[in-house]
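*Asks:* One predicted model, sequence on top.
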Amino acid sequence: MTSGRQDYFKTRPNVDAMKPDEDASLLKGFRLGRQRIDPPFVLAPMAGITHLAFRQIVARYGGCGLYVSEMLSARAVPHENPSVSFFLKRWSNERPFFYQLVGNDPDQMVRAIQWLEQRSHESGLPLDGFDINMGCAAPLIRNSGCGVGLMRTPELAARMVSACRKATRMALTAKLRLGWEEAFEPTLKLVRTLEGEGLDGVTLHPRLAREKFKRRARWEYVGYLSSAVSIPVIGNGDIRSGEDAVRRLRKAGCAGVMIGRLAAQKPWIFALASGRLPVSTVRLDELYFDFVRLLSLECPQERQIGRLREFTPYFSLNFRFGHRLASAVQNAPTLERALEEAARFFERNPEELCLVLQREGLHPDAPGCGREAETFRPEPASSVDSG
Ligand SMILES: Cc1cc2nc3c(=O)[nH]c(=O)nc-3n(C[C@H](O)[C@H](O)[C@H](O)COP(=O)(O)O)c2cc1C
C-alpha cells in the first residue's frame, strides 16, 4: 500500500452519513469526451448477454446512461456483414451506445473503429464511442495479450489508445482490472499514461487479473483512482441493488457505476438506481417471453438457444427455486422445448411472478417483500468469469 493511498483513506469524509437529498447531484451524470452520460449508470459489456435482444429489455425500463455491446474481436469486425450481424445490430433507442473492442494490435483496432464509424454513418444510426477491453481475464484472451493481457504491456496499451485517439473523435474509454500484482502503482501509472494519450474515461473492475468472482470487488481502489486522475472513473463489481449502486457512487466519489450480472437478473435495475421507474410492477414471465421473442426475431436461429441458456441462470435468481428453471432450460434441446419448460415453471410459481418496485427496492407490501437486496447471489453455477 502506498502512502498516497493511506492518506486518501484517512482524509475521506464519512460519506455514509451524507443525506439522501444529495442523491440528486450524485445522479446528474458526467461526460466522456463530448458524450453526456446521464444517469451515471452503465450497462457492463458481457459476452453472450449484452446483445441486442437483452439491451432492448433494458431499454424498455430505461435509466441506463450508456449501453455497451458484448466484446467484439477487432480483427473480426471488418469481416462482419453489418446488415445481418447479430453482434453489431442495435436499435436507435439504445443511446448512448459504445462498441467494446478486444485486440492486441493497434492497427487492427483502428481499422475496426473506422469500419464501425463508416457503417454507422451509412446506416444513419448514430454511434457514440468505443471501449477498449483491458480487463477480460478469460485464458484464451489474456494469454494472447488481449484484455487484461494488455495491462502487462503498458507500452502497447498506450500505443493502442494513442492510435485509436487519432482515428476517432468519438468517446474513447478502456475497461481495466486492478492489474496482475497487489501493487496498484503500475495501474495508476498506466491510467495516467492512457489519460495523456487522450482516453476520455476509464472503468475499473477492482479485481486482480486472476481473481474470480468469489473474492469481493475492492471498491476502495475505485475511490483511490477517482481521486488520482482527471478523467471520469466508472466503478464496477458486485452491485447488489439500486440503492447499492447509488451508495457506491457516493462512497467511492466516482463518476459512474457499471452494472453487469445484476442487470441480467434484473434488467430494470438502472431504472431503479436512477429513480426513473416507468412502471411500478414487473411481470417476470412476460419479461422472459418478451426476451425470447426478441431473440427469435433478431438472433440467428442456431444461436438462439445458446443465448437463452446464457441469460437464464442470472434471470432465474429472481425465484426461490430458480435453479429448476435454469437447469430445465440448460437441458432443453430446442428453443421451443425451453419455452415449454419455462411456461411450466412459471405456472408452478405464480406467487413469485409479479414484483412491485420502488426506489429503495421492493415495496414493503409486495409479495416477496425484502428480496430485492437478498436474491443477488454473485455467481450462478454456469457463469463465465471472463471480465
Ligand atoms: C457472462 C459474462 C460475460 C462477460 N463479458 C465481458 C466482456 O465481453 N467484456 C468485458 O469487459 N467484461 C466482461 N465481463 C465482465 C463484466 O463486464 C463485469 O466487469 C463483471 O461481471 C463484474 O461486474 P458485476 O459484478 O456487475 O457483474 C463479463 C462478465 C460475465 C459474467
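*Replies:* Okay, I see it.

*Asks:* can you give me the strands in the chain?
*Replies:* Taking DSSP state E as the test, the strands found in the chain are 30-32, 35-37, 41-43, 67-73, 97-102, 129-134, 171-179, 201-208, 233-236, 256-259, 281-283, 354-358, 361-362.

*Asks:* Would you mind finding the most buried of those?
*Replies:* Using mean count of other CB atoms under 10 Å, the stretch among the strands of the chain with the largest mean neighbour count is strand 41-43, at a mean of 29. From N, CA and C alone the C-beta is placed, and that goes for glycine too.

*Asks:* How about the residues of the stretch 101-250 of the chain by the ligand?
*Replies:* Contact residues, the stretch 101-250 of the chain versus the ligand (CB under 6 Å from any ligand atom): 133, 135-136, 175, 205, 236-239.

*Asks:* follow-up on the earlier one: okay, the strands of the chain in CSV with mean pLDDT next?
*Replies:* Below are these laid out as CSV (pLDDT from 0 to 100):
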stretch, mean pLDDT
strand 30-32, 98
strand 35-37, 98
strand 41-43, 98
strand 67-73, 98
strand 97-102, 98
strand 129-134, 98
strand 171-179, 98
strand 201-208, 98
strand 233-236, 98
strand 256-259, 98
strand 281-283, 94
strand 354-358, 86
strand 361-362, 44
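
*Asks:* Residue 299: which of the ones you listed is closest?
*Replies:* Residue 299 lies closest to strand 67-73 among the strands of the chain, at 12.2 Å (CB to CB).

*Asks:* who touches the closest residue to residue 133 other than its chain neighbours in this structure?
*Replies:* Of all residues not flanking residue 133 in the chain, residue 102 sits nearest, at 4.1 Å (CB to CB, 6 or more residues apart in numbering). Residue 102 makes contacts with 71-74, 132-133, 136, 141, 146-147, as judged by CB atoms under 8 Å, 6 or more residues apart in numbering.

*Asks:* who does residue 102 bridge with?
*Replies:* On the basis of DSSP bridges, residue 102 is bridged to residue 73.

*Asks:* Now do the contacts for residue 53.
*Replies:* So residue 53 contacts 291, 294-295, 297-299, 307 (CB under 8 Å, 6+ apart).

*Asks:* now do 6 Å
*Replies:* By CB atoms under 6 Å, 6 or more residues apart in numbering, residue 53 lies in contact with 294-295, 298.

*Asks:* roughly how far apart are residue 211 and residue 120?
*Replies:* Using CB to CB, to the nearest Å, one obtains 35 Å as the distance from residue 211 to residue 120.

*Asks:* can you check residue 48 too?
*Replies:* In this structure, residue 48 and residue 120 are 23 Å apart, going by CB to CB.

*Asks:* Quick check: residue 234 touching residue 260?
*Replies:* No - applying CB atoms under 6 Å as the test, residue 234 and residue 260 come out as separate, 11.9 Å apart.

*Asks:* What residue spans form the domains of this structure?
*Replies:* Following automatic domain parsing, one finds the domains of the chain at 3-274, 281-362.
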